[in-house]
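Engineer: Model the following, please.
(one chain, ligands or ions: 2)
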Amino acid sequence: MVVIDVKGISKRYGQVVAVKSCDLQAASGEILALLGPSGSGKTTLLRLIAGFERPDEGRISIGERPVVDVASSVWVPAERRGVGMVFQDYALFPHLTVAENIRFGLRNTSRKERQRRVHELLELTELVPFANCYPHELSGGQQQRVALARALAPRPGVVLLDEPFNGLDPELRPVVRREVAQILHRLGTTAILVTHDQEEALGMADQVAVIRRGELQQAGTPEDVYYQPATPFVAGFVGQADFVPGVASGQQVHTEVGVFPCSPNIPPGPVKLMIRHEAVNCRPGGILATVEEREFLGGEILYRLRLPSGAMIHLEQRNRVTWPIGHQVPVEVSLSNVIAFPSPPSEKP
Ligand code: ADP
Ligand code: MG
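Structural biologist: Ligands and ions are numbered 1, 2, ... in the order given. Below you'll find the predicted structure:
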């Protein structure tokens, strides 16, 4: 069942088109990541869904109830949309304890019910020992869980999270995002997670929607957007990709690194072939590429290689093989993980 349904939503601020004819759907219980660079309109879209902004065009339904429809003047205010929000800076009340922060959203229930619900959320977010602490006494990860518990307290059908892990130390982020995903999945809450971090989106979300300059580029499972990017922008933004020139004819693309199958939708002529790092291997007899740069990443060494045409590709060497700069490496590109885009690409990544 579709819980969040966004249709043809646009929002302008003066000359700036922050969101442009966006369609987006989130199914019940799913985490949808809205992924895009800074300034691409993610927060605006979230605020439109929450009811903090009015769109210029389009309509939004939450749980099959229209909450805004410009054409028929439907408008449901934010507090009646059944939406919980978690902000980047957590926005906790510094003078309230953890329990009081969580209780804040539960004004219209009996005292006893409020206590019961607060305790339930303290248990869910593993914050029972911190119930009487103040936010400044907690770690970033714990504060994040308080913000989530507060948003979840009134049992919203939908939770919207705006870059909720930005304030955390990088080494803490994977842990906290796993915890948050587990809590949301356990409750079956539908969530939209705004992020500019592709790793976070791919790792945490059931669906990923990639947005650029206010326009939705592609929505699909993490695997879809990674392996079948719809545009060169998506290819470059989601995961690492290199582009090698080629020529399409029939259902094949000819390049200096080999001949690859391509979609019949690609018109004959020049193309750019997207190659993921993991598709590039060192193989005796392969085409010779020159080592330009080497980066030691711990578990692997990332080599930047120059092909005879001057195009660059990357190779991840998991074995402890050290090639000096200028060394010639025979490379082969595996047939999977390559996608052709008409060239010159309509969008540069
Ligand atoms: P993101 O969250 O992806 O970084 P935003 O939704 O915050 O992007 O912003 C999208 C665009 O809209 C940006 O160009 C931003 O400057 C503009 N914008 C956002 N909010 C406002 C506002 N209240 N007034 C004017 N311009 C705004
Ligand atoms: Mg933002």
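Engineer: show me where the stretch 201-349 of the chain has strands.
Structural biologist: 207-212, 215-220, 241-249, 252-255, 258-261, 269-276, 280-296, 301-306, 312-317, 328-333, 338-342 (DSSP state E, counting those that start in this stretch).
Engineer: Could you check the angle the last one makes with strand 241-249?
Structural biologist: Looking back up the chat, that one is strand 338-342. On the basis of axes from the mean of the first three to the mean of the last three C-alpha atoms, to 10 degrees, strand 338-342 is oriented at 70 degrees to strand 241-249.
Engineer: And the contacts of strand 338-342?
Structural biologist: Strand 338-342 is contacted from outside by 227-229, 231-232, 235, 243, 246, 248, 253, 260, 262-263, 266-267, 269-276, 279, using C-beta atoms under 8 Å, 6 or more residues apart in numbering. Bear in mind the C-beta positions are built from the backbone N, C-alpha and C, glycine included.
Engineer: just the third one next, same as before
Structural biologist: The contact list for strand 241-249 (C-beta under 8 Å, 6+ apart) reads 229, 232, 235-236, 253-257, 260, 262, 266-277, 307, 309, 311-314, 340-343, 345, 349.
Engineer: Ignoring the adjacent residues along the chain, who's closest to A289?
Structural biologist: Spatial nearest neighbour of A289, excluding adjacent residues (C-beta to C-beta, 6 or more residues apart in numbering): L305 at 3.8 Å.
Engineer: go on, V291?
Structural biologist: Closest to V291 by C-beta to C-beta, 6+ apart is H327, at 4.6 Å.
Engineer: okay, how far is it across stretch 25-35, tip to tip?
Structural biologist: 14 Å (C-alpha to C-alpha, to the nearest Å).
Engineer: going forward can the numbers begin at 746, since that is how I track them
Structural biologist: Done: numbering now begins at 746, and the last item shifts to stretch 770-780.
Engineer: buried set for that stretch?
Structural biologist: Q770, A771, E775, I776, L777, A778, L779, L780 (16 or more other C-beta atoms under 10 Å).
Engineer: ranges for the helices of this structure?
Structural biologist: For the chain, applying DSSP state H gives helices covering 787-795, 843-848, 856-869, 885-897, 918-932, 943-949, 967-972, 977-982.
Engineer: And those: which comes nearest ligand 1?
Structural biologist: helix 787-795 (3.2 Å; C-beta to the nearest ligand atom).
Engineer: And that closest one, what does it pack against?
Structural biologist: For helix 787-795, the packing partners by 3 or more C-beta pairs under 8 Å, 6 or more residues apart in numbering; DSSP states H and E come out as strand 747-758, strand 761-772, strand 776-780, strand 802-807, strand 828-831, strand 903-907, strand 935-940.
Engineer: Export only the CA atoms of that helix, formatted as PDB.
Structural biologist: The C-alpha trace of helix 787-795 is given here as PDB (Å, rounded to 0.1, in the frame of the first residue of the first chain):
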ATOM      1  CA  LYS A 787      15.600  17.600  -0.400                       C
ATOM      2  CA  THR A 788      14.700  19.600   2.700                       C
ATOM      3  CA  THR A 789      12.100  21.600   0.700                       C
ATOM      4  CA  LEU A 790      10.400  18.400  -0.400                       C
ATOM      5  CA  LEU A 791      10.400  17.000   3.100                       C
ATOM      6  CA  ARG A 792       8.900  20.300   4.400                       C
ATOM      7  CA  LEU A 793       6.200  20.200   1.700                       C
ATOM      8  CA  ILE A 794       5.200  16.700   2.900                       C
ATOM      9  CA  ALA A 795       5.300  17.700   6.500                       C
END
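Engineer: Just put the helices and strands packed on helix 787-795 in CSV and tack on distance to P1029.
Structural biologist: What follows is these, written out as CSV (distance: least, C-beta to C-beta, whole Å):
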stretch, distance to P1029
strand 747-758, 52
strand 761-772, 48
strand 776-780, 39
strand 802-807, 57
strand 828-831, 53
strand 903-907, 49
strand 935-940, 42
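Engineer: Mind checking these for the one nearest to V1078?
Structural biologist: Distance to V1078, taken as C-beta to C-beta, is lowest for strand 776-780 among the helices and strands packed on helix 787-795, at 26.5 Å.
Engineer: next one: the closest one to chain centre, how far?
Structural biologist: Strand 776-780 sits 5 Å away from the centroid of its parent chain (C-alpha atoms, centre = their mean, to the nearest Å).
Engineer: Walk me through which strands that strand pairs with, and which way each runs.
Structural biologist: strand 935-940 (parallel), strand 952-957 (parallel) (DSSP bridges).
Engineer: which residues does Q943 contact?
Structural biologist: L780, F982, V983, G984 are the contacts of Q943 under C-beta under 8 Å, 6+ apart.
Engineer: Could you report the pLDDT at the closest residue to ligand 1 within the stretch 946-1094 of the chain?
Structural biologist: Nearest residue of the stretch 946-1094 of the chain to ligand 1: G959, at 6.7 Å (C-beta to the nearest ligand atom). G959 carries a pLDDT score of 96 in this model.
Engineer: Quick check: residues of the stretch 746-895 of the chain near ligand 1?
Structural biologist: Residues of the stretch 746-895 of the chain lying close to ligand 1 (C-beta under 6 Å from any ligand atom) are Y758, V761, A763, G781, S783, G784, S785, G786, K787, T788, T789.
Engineer: Could you check how far the second one is from A954?
Structural biologist: Pointing back at V761 there. Distance, V761 to A954, by C-beta to C-beta, to the nearest Å: 20 Å.
Engineer: so how many other residues sit close to the closest residue to G995 other than its chain neighbours?
Structural biologist: Sequence neighbours aside, P1013 is the residue nearest to G995 in space, at 7.6 Å (criterion: C-beta to C-beta, 6+ apart). P1013 is flanked by 9 other residues according to other C-beta atoms under 10 Å.
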